[in-house]
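# structure for this input, please:
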Amino acid sequence: TGLDSSQLSVGDLYVGLPVSLQGVATGGTGSFSWSSVGAALPDGLSLSSSGLLSGTPLLSGSWTGVSFRVADQAGAASYVGPLGIDVYDPVSASDVFAYGVEGVVLSPLPVTVSGGKLPYSYSVVGGALPAGVSVAGGVVSGTPSETGVFNATVRVSDVNAIPAVSDEFNVELDIAELLQ
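Numbers count the residues shown, from 1 in each chain. Predicted coordinates:
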């Protein structure tokens, strides 16, 4: 009988993050042989004849038209694709430093973030921000309700929230007392 189906699921990939994805084929006669047909794979990736897509992507970008052929020993073939493969740079963020005054709205402080796949999420993982101040949507904002020097470490992740491609940045706020 011919091949019933073949599948190789490729999600979002990241520059520098190793990939090991095994293709699956059912039905057919004997063992299967996989090959890449159509558009080229992203640099750093290869497909073995056993259907293992592996390697470490070297460049970010979008590859379209990538297809895989699976053949059994009797010559029956099945195709996976065409697929689009997206490779993202790891998330990178810059530190934020600012001065403020207790009880006075901070001017919004944008966080410069690049890489990854939108949307980003933010969480304080160390230290603390002053009461009344938060990080959301790429902006440090709010009205501080306490004085002092505050240091917080904030993790920014993309939609896939993979720790190996997330980044941490520092927020330092020096909040002075409102002079009357």
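
# how far away is the residue positioned nearest the centre of the chain from residue 17?
Nearest to the geometric centre of the chain sits residue 116, at 4.2 Å (CA atoms, centre = their mean). The spacing between residue 116 and residue 17, counted by CB to CB, to the nearest Å, is 11 Å. From N, CA and C alone the C-beta is placed, and that goes for glycine too.

# just checking, residue 5 touches residue 25?
Yes - using CB atoms under 8 Å, residue 5 is in contact with residue 25, at 7.1 Å.

# find residues that contact each of the two.
Common neighbours of residue 5 and residue 25 (criterion: CB atoms under 8 Å, 6 or more residues apart in numbering): residue 78.

# so who does the residue nearest to the centre of the chain touch?
When contacts are counted by CB under 8 Å, 6+ apart, residue 116 touches 14, 88, 89, 90, 91, 157, 158, 159, 160, 165, 166.

# repeat that for 7 Å
By CB atoms under 7 Å, 6 or more residues apart in numbering, the contact set of residue 116 is 88, 91, 158, 165.

# residue with max distance from the center of this protein?
Relative to the chain centroid, the chain (CA atoms, centre = their mean) has residue 180 farthest, 47.9 Å.

# counting neighbours, which bits of the helix or strand residue 98 falls within end up buried?
Taking DSSP states H and E as the criterion, residue 98 maps to strand 96-101. By 16 or more other CB atoms under 10 Å, the buried positions in strand 96-101 come out as 96, 100.

# re earlier: looking at pLDDT only, which of the contacts of residue 116 scores worst?
Lowest pLDDT of the contacts of residue 116: residue 165, 94.

# and the residue lying closest to that one once chain neighbours are set aside, how many neighbours?
Among residues not flanking residue 165 along the chain, residue 90 sits closest, at 4.1 Å (CB to CB, 6 or more residues apart in numbering). When counting by other CB atoms under 10 Å, one arrives at 18 neighbours for residue 90.

# so what sits opposite residue 33 in the bridge?
residue 71 (DSSP bridges).

# quick one: it and residue 71 touch, right?
Yes - between residue 33 and residue 71 a contact is recorded at 5.1 Å, counting by CB atoms under 7 Å.

# tell me which of these two has more neighbours.
residue 71 (19 against 16).

# quickly note the distance from the more buried one to residue 25.
9 Å.

# in its sheet, what does the lowest-mean-pLDDT helix or strand in the chain sit against?
Counting by mean pLDDT, DSSP states H and E, the chain has its least confident helix or strand at strand 3-7, which shows a mean of 74. Paired neighbours of strand 3-7 in the sheet (DSSP bridges): strand 24-27 (antiparallel).
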